[in-house]
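In: structure of the sequence below:
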Amino acid sequence: MTPDPLLTVLTARVREAAHARSRTCPCGAATLADRPDATVVRHAGLVAKAHAADADPAELALRVTAAARLPGILLPPLGRPPVTLHGRLVTYWPYGTPVDPHDPDAAPWEAAATLLARLHTTPAPTAVPPMRGPVKAAQAVARLRATAPDHPATPPVLRAWAALPAWARGEAAMPDTTTLCHGDLHLGQLVRHPAPEGPWLLIDVDDLGTGVPAWDLARPAAWYACGLLPPDEWHRFLSAYRATGGPAVPSDGDPWPALDVPARTLTAQTAARAVTKAVAADRPLDEVEQSLVDACARMASISPSAPHA
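Out: Here you go, the predicted model:
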């Protein structure tokens with residue numbers, strides 16, 4: 001197989017940056033991710049990330065600047081200017097220890113919720129674009145329409161999507177344009193820094209911006225509603241968020257009126273991605289993927305709550 005040119009160059013650049021003062025290299029390199037929207041290479045304590053080809057340079061610069069000004073919440077970038085390699089913007093970050101996917105009992109739900117609440121209650125330290133969550137959801141549904149129009153799972157996903165308000169589909173401004181949001185929260189977006197046992201921090205600023213804070217709670221809320229996240233883990237997450245003063249939901253009582261629209265949107269987005277991947281691999285939906293499609297079918301029969309600002 002011919003080596004990917006971007007990955008080859010990115011590996012060389014991160015090695016060079018990690019050993020700027022020495023020709024000796026005992027530590028090797030590791031590819032942490034290699035996807036169209038993110039190629040990430042680690043070398044020693046340094047990580048280089050090639051962002052999506054359509055990343056806006058000015059918007060990414062604002063997001064990276066915001067991360068640098070929010071220590072203790074977001075992993076700060078290293079003081080190296082972004083470069084362009086093979087048409088992709090590349091930024092540099094310190095390495096942090098990720099969540100262990102093989103130890104679900106140690107999942108840092110409380111840390112994730114606390115960091116989100118702190119992010120949501122912190123004024124944006126610099127101008128940032130709108131949070132990109134709804135736009136990314138719309139892109140996933142567009143890919144579903146283009147690649148799997150005849151799949152039996154596609155109609156229920158599209159019906160659930162069509163029932164959402166325009167802002168959730170990325171077709172109108174969000175009802176909250178001031179709250180700072182992560183935009184793509186899941187447990188893969190947390191690392192310990194300094195590695196290996198430093199405090200948890202949020203990573204990945206590609207979708208960072210202002211918007212509806214409930215969006216950042218929507219993925220675990222959707223998993224809980226679909227039966228994919230155990231109730232105790234959901235309640236740990238929600239309780240920690242409320243205890244830290246997070247504004248996305250009321251401090252007590254039923255949180256669902258605030259979470260309903262974002263959770264529906266994330267469910268439709270995740271189901272769209274699942275069907276698209278299954279079609280590309282020429283395989284049937286697995287049990288988890290089918291549960292997401294089934295949730296979309298149920299959602300389409302019940303009108304969503306009014307958007308929560």
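
In: show me what the least confident helix or strand in the chain by mean pLDDT is packed against.
Out: Every helix and strand of the chain was ranked by mean pLDDT, DSSP states H and E. The lowest is helix 5-18, at a mean of 77. Judged by 3 or more Cβ pairs under 8 Å, 6 or more residues apart in numbering; DSSP states H and E, the packing partners of helix 5-18 are strand 29-35, strand 38-43, strand 46-51, strand 83-85, strand 88-94. Quick note: C-beta positions are derived from backbone N, CA and C, even for glycine.

In: specify the angle between the helix or strand that the third one is followed by and strand 88-94 in degrees.
Out: Right, the one you point to is strand 46-51. Downstream of strand 46-51, the next assigned helix or strand under DSSP states H and E is helix 57-68. Counting by axes from the mean of the first three to the mean of the last three Cα atoms, to 10 degrees, helix 57-68 lies at 10 degrees to strand 88-94.

In: tell me the mean pLDDT over helix 57-68?
Out: Helix 57-68 shows a mean pLDDT of 96 in the predicted model.

In: now do stretch 96-104
Out: Here stretch 96-104 scores 93 as its mean pLDDT.

In: what is the end-to-end distance of it?
Out: Across stretch 96-104, the terminal residues are separated by 19 Å (Cα to Cα, to the nearest Å).

In: list the contacts of that stretch.
Out: Stretch 96-104 is contacted from outside by 75, 106-108, 187-188, 190-198, 201, 203, using Cβ atoms under 8 Å, 6 or more residues apart in numbering.

In: switch to 10 Å and redo it
Out: Under the contact criterion Cβ atoms under 10 Å, 6 or more residues apart in numbering, stretch 96-104 has outside partners 32, 45, 47, 75, 106-108, 111-112, 186-201, 203, 230, 233.

In: how far off centre is that stretch?
Out: Its chain's C-alpha centre and that of stretch 96-104 lie 16 Å apart, by Cα atoms, centre = their mean, to the nearest Å.

In: what comes up buried for it?
Out: 96, 99 (16 or more other Cβ atoms under 10 Å).

In: what about the most centrally placed residue in the chain, distance to Asp37?
Out: The centroid of the chain falls nearest to Asp184 when counting by Cα atoms, centre = their mean (2.3 Å). Plainly put, Asp184 is 10 Å away from Asp37 if you go by Cβ to Cβ, to the nearest Å.
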